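In: Quick one, structure for this:
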Amino acid sequence: MPVSPDFLDYVLEQLTSLGGITHRRMFGGVGLSRHELFFALIADDVLYFKADGVTVPDFEAAGCEPFKPFGGDKAMSYWTLPLEALEDPDEMTAWATRALDAAMRAKVGKKR
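Out: Below you'll find the model as predicted:
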């Protein structure tokens, strides 16, 4: 799951407007957080955003694919973005906001 420095830099640049984005290498990929809330990952130079029952229909409607790190049918709750979102900082920010909301809902759910 290598991540090229150029792709990582590109993603971070596209998300600049959100502020507070940090990254760390993990399991061969890169995890992205905002103010310590993990909301995205990059694997093999593909960006995936956190999704949940509220946002998965949006990802499905946009033709996105779930992250399947081990192949087969076992998917994690992270989805690719539509191509236009990768090329438009405003669109990427909108999808990132959905991912942050999903990450917050998951965090709140774990605290209960």
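
In: who does residue 38 bridge with?
Out: In this entry, residue 38 is beta-bridged to residue 33, by DSSP bridges.

In: Also the one 4 residues further on?
Out: Following DSSP bridges, residue 42 is listed with bridge partners residue 30, residue 47.

In: okay, the angle between the longest helix anywhere in the chain and strand 29-34?
Out: Counting residues, the longest helix in the chain under DSSP state H turns out to be helix 89-111. Angle of helix 89-111 versus strand 29-34, following axes from the mean of the first three to the mean of the last three CA atoms, to 10 degrees, is 90 degrees.

In: how about helix 89-111: buried residues?
Out: Residues of helix 89-111 classed as buried: 89, 92, 95, 96, 98, 99, 100, 102, 103, 106 (neighbour count, 16 or more other CB atoms under 10 Å). C-betas here are computed from N, CA, C, even on glycine.

In: Over to stretch 52-71?
Out: In stretch 52-71, counting by 16+ other CB under 10 Å, buried: 52, 55, 59, 64, 66, 67, 69.

In: Helix, strand, or coil at the fourth one?
Out: In this case it means residue 64. coil (DSSP: H, G, I helix; E, B strand; the rest coil).

In: how much space between it and residue 73?
Out: Separation of residue 64 from residue 73 (CB to CB, to the nearest Å) stands at 17 Å.

In: Let me know whether residue 65 touches residue 79 as I believe.
Out: Yes. Between residue 65 and residue 79 a contact is recorded at 6.7 Å, counting by CB atoms under 8 Å.
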